[in-house]
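[1] sharing a model prediction with you, sequence too.
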Amino acid sequence: MSKLIATITNVESVDSLNVVSFDCNGNSLKMMSLELDKSVKVGAKVSLGIKSTSIGIAKDINALLSYSNQLNVVVQEIDNGHLLSSIKLSFDPYILESIITRDSTKRMNLNVGEKVVALIKANDISIVEIVK
């Protein structure tokens, strides 16, 4: 699981649906949630968790996407298995891991040092803990 430290900038709620906005190193992130702990408040510093299988990679895109979370990252490491690839992405000072199919890695011709965009749906981010 990839982890980021972020600060809550906004919480919007309607009935039991919540959209929480964060700032992580000057980048805006959003999370959807059905339940929120009472300690989730604007200004709180939190640790966010993202499963490696929930981080997509885009290369050479010039389109509008519905993904709320689009982070400019650099490919730091590629580990190709028989079916899947583990792609380490530098999002300074954090390292995100994306697990994609080996076929996608080849089709995209991913290379170490290349700038790409990490795509994360708002429902794939979770608050792991409030940072004290």
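    It's in.

[2] any chance you could map the strands in the protein?
    2-14, 17-24, 27-33, 45-50, 56-58, 69-80, 84-91, 94-101, 115-120, 125-130 (DSSP state E).

[3] check the gap between the spatially most distant residue from the centre of the chain and residue 35 for me.
    Most distant from the centre of the chain: residue 15, at 25.9 Å, with distances by CA atoms, centre = their mean. For residue 15, the distance to residue 35 equals 12 Å [CB to CB, to the nearest Å]. Using the backbone N, CA and C atoms, a C-beta is placed for each residue, glycine as well.

[4] also residue 110?
    From residue 110 across to residue 35, the span is 37 Å (CB to CB).

[5] also residue 76?
    From residue 76 across to residue 35, the span is 34 Å (CB to CB).

[6] neighbour count: the two, which is higher?
    residue 76 (16 against 8; other CB atoms under 10 Å).

[7] the more buried one reaches residue 94, doesn't it?
    No - contact criterion CB atoms under 8 Å: residue 76 and residue 94 do not qualify, at 10.8 Å.

[8] OK, contacts around residue 72?
    Listed by CB atoms under 8 Å, 6 or more residues apart in numbering, the contact set of residue 72 reads 115, 117.

[9] beta partners for it?
    Beta-bridge partners for residue 72, by DSSP bridges, are residue 117.

[10] residue 91 now?
    residue 94.

[11] list the contacts for it?
    Taking CB under 8 Å, 6+ apart, we find residue 91 in contact with 4, 25, 71, 73, 118.

[12] now residue 94
    By CB under 8 Å, 6+ apart, the residues touching residue 94 are 2, 3, 4.

[13] for these, give me CSV that also has neighbour count.
    Converted to CSV, the contacts of residue 94 look like this (neighbours: other CB atoms under 10 Å):
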residue, neighbour count
2, 21
3, 13
4, 21
